[in-house]
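In: from the sequence below, what's the structure:
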Amino acid sequence: MTDGAENSGPIEPASSKAEERPPCPEGNAPPPDFFCFGPPKSGTTMLQRMLDLHPKVSCPSEHHLRAYKDLLLQIAQAYNKHRETRDSWIGGYGAPPIAEATSMGIWRDAVARILRDAGAGKPICGANDNELMEQPELIRDHFPKAKLIAIFRHPLDQAISAWHANERLSKQEGDPRHRDLQTKFGGLDGWVEHNAKRFVVLARRLATICKDQPILTLRYEAVTQDRTRALKRVFSFLEVEASPALRARIAEATTFERMRKEAPDPSFMNRGAEGYSASPDLRARVEIIAGPVMRRLGYDVESDA
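Out: Next up is the predicted model:
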């Protein structure tokens with residue numbers, strides 16, 4: 001495979017300035033080509049950067065499309081109430097409400113346009129949105145042809161990294177809710193067990209609810225160990241050409257050290273699970289909870305040894 005013109009030259013960070021992103025032409029925008037996501041602190045930011053650095057793939061910084069949906073539904077409810085009031089002023093002849101299905105159609109079309117606009121002409125457009133793992137039926141019901149890329153991390157390491165991230169946010173923002181989110185489970189061990197259970201629920205729900213859609217599952221550990229191999233899998237899944245030279249450049253641009261150096265907030269790029277040694281008992285409890293799903297994802301479970 002030759003290294004074509006679109007695969008040559010250094011990789012530059014994608015611009016986020018609205019004025020540099022031409023809007024989608026008038027008319028219905030094509031639906032998103034893919035969504036990527038994973039549990040928090042599982043490498044989704046790295047995956048998003050890998051995708052967005054391809055010259056033909058757009059994957060902007062993390063979305064929260066469920067929140068956008070909820071806000072649209074609230075607007076519709078407020079407008080329905082407004083119409084009821086106005087109708088009462090003119091005799092009460094009736095004001096048919098905006099149906100929820102109508103609002104969801106608006107949401108679906110808006111998501112398509114938002115992601116195409118962000119793509120700035122790139123032919124393959126998608127979104128990184130971890131919250132969609134909590135409600136995968138939104139993808140199934142509204143974007144049934146979209147491809148899905150899910151990245152998972154060993155639930156013990158993921159939970160510890162998330163613990164440190166919430167501690168950092170609590171101090172940084174002066175908001176105890178980040179810390180309260182995890183201390184309600186009785187400390188780090190309780191938080192780890194809670195996250196192991198969520199790991200199982202999220203993986204099983206995704207596989208069940210979106211069983212008719214193409215799904216590529218990645219392990220964080222395998223991606224970080226061999227980025228170029230992981231990139232070959234990802235771009236093959238999306239059916240987009242990526243030469244060895246391009247994959248090598250993207251791999252170099254998405255190392256932990258490079259991303260931390262270039263991050264607007266370097267504290268976000270924190271190896272929170274390093275330096276912590278889990279007790280054999282805690283590790284065993286995690287494997288009892290999540291072992292079957294971990295095996296299916298390709299993890300070695302110590303109890304199998």
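
In: which residue ranges of the stretch 151-300 of the chain form helices?
Out: For the stretch 151-300 of the chain, the helices identified by DSSP state H, counting those that start in this stretch occupy 155-173, 177-183, 188-209, 220-225, 227-237, 244-253, 256-262, 280-296, in order along the chain.

In: next, the buried residues of the longest one.
Out: For helix 188-209, burial by neighbour count (16 or more other CB atoms under 10 Å) applies to 188-189, 191-196, 198-200, 202-203, 206, 209. Using the backbone N, CA and C atoms, a C-beta is placed for each residue, glycine as well.

In: which residues are in contact with that helix?
Out: Helix 188-209 is contacted by residues 39, 133-134, 136-137, 140, 148, 150, 152, 155-156, 158-160, 162-163, 182-183, 185, 215, 278, 282, 285-286, 289-290, 292-293, 296-297 when judged by CB atoms under 8 Å, 6 or more residues apart in numbering.

In: repeat that for stretch 131-144.
Out: Counting contacts by CB under 8 Å, 6+ apart, the residues outside stretch 131-144 that touch it are 31-32, 35, 37-39, 64-67, 69, 104, 107-108, 111, 146, 148, 150, 202, 205-206, 209-210, 212-213.

In: that one - what's its average pLDDT?
Out: Averaged across stretch 131-144, pLDDT comes to 94.

In: and that stretch, what's buried?
Out: Buried positions in stretch 131-144, judged by neighbour count with 16+ other CB under 10 Å: 132-133, 136, 138-140, 142-143.

In: can I get that stretch in PDB, CA atoms only?
Out: Taking only C-alpha atoms (Å, rounded to 0.1, in the frame of the first residue of the first chain), the coordinates of stretch 131-144 have been written out as PDB:
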ATOM      1  CA  GLU A 131     -22.600   8.800  28.100                       C
ATOM      2  CA  LEU A 132     -24.100   6.800  25.200                       C
ATOM      3  CA  MET A 133     -22.900   3.600  26.900                       C
ATOM      4  CA  GLU A 134     -25.500   4.300  29.600                       C
ATOM      5  CA  GLN A 135     -28.300   4.400  27.000                       C
ATOM      6  CA  PRO A 136     -27.200   2.500  23.900                       C
ATOM      7  CA  GLU A 137     -30.800   2.200  22.800                       C
ATOM      8  CA  LEU A 138     -30.500   5.800  21.600                       C
ATOM      9  CA  ILE A 139     -28.000   4.600  19.000                       C
ATOM     10  CA  ARG A 140     -30.000   1.500  18.100                       C
ATOM     11  CA  ASP A 141     -33.300   3.400  17.700                       C
ATOM     12  CA  HIS A 142     -32.000   6.500  15.900                       C
ATOM     13  CA  PHE A 143     -28.700   5.500  14.200                       C
ATOM     14  CA  PRO A 144     -29.100   1.800  13.500                       C
END
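
In: just for the stretch 151-300 of the chain, where's the confidence low?
Out: 266-277 (pLDDT under 70).

In: of the contacts of stretch 131-144, just the buried ones, ChimeraX syntax please.
Out: Applied in ChimeraX, the following selects the buried portion of these according to 16+ other CB under 10 Å:
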select :31,32,35,37,38,39,65,69,104,107,108,111,146,148,150,202,206,209,210,213
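
In: restricted to strands, list the contacts of stretch 131-144.
Out: Among those, the members falling in strands are 35, 37, 148, 150 (criterion: DSSP state E).

In: I'd like those residues laid out as CSV, including distance to residue 245 and pLDDT.
Out: Putting the ones in strands among the contacts of stretch 131-144 into CSV (distance: CB to CB, whole Å; pLDDT from 0 to 100) gives the following:
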residue, distance to residue 245, pLDDT
35, 28, 97
37, 29, 96
148, 28, 97
150, 28, 96
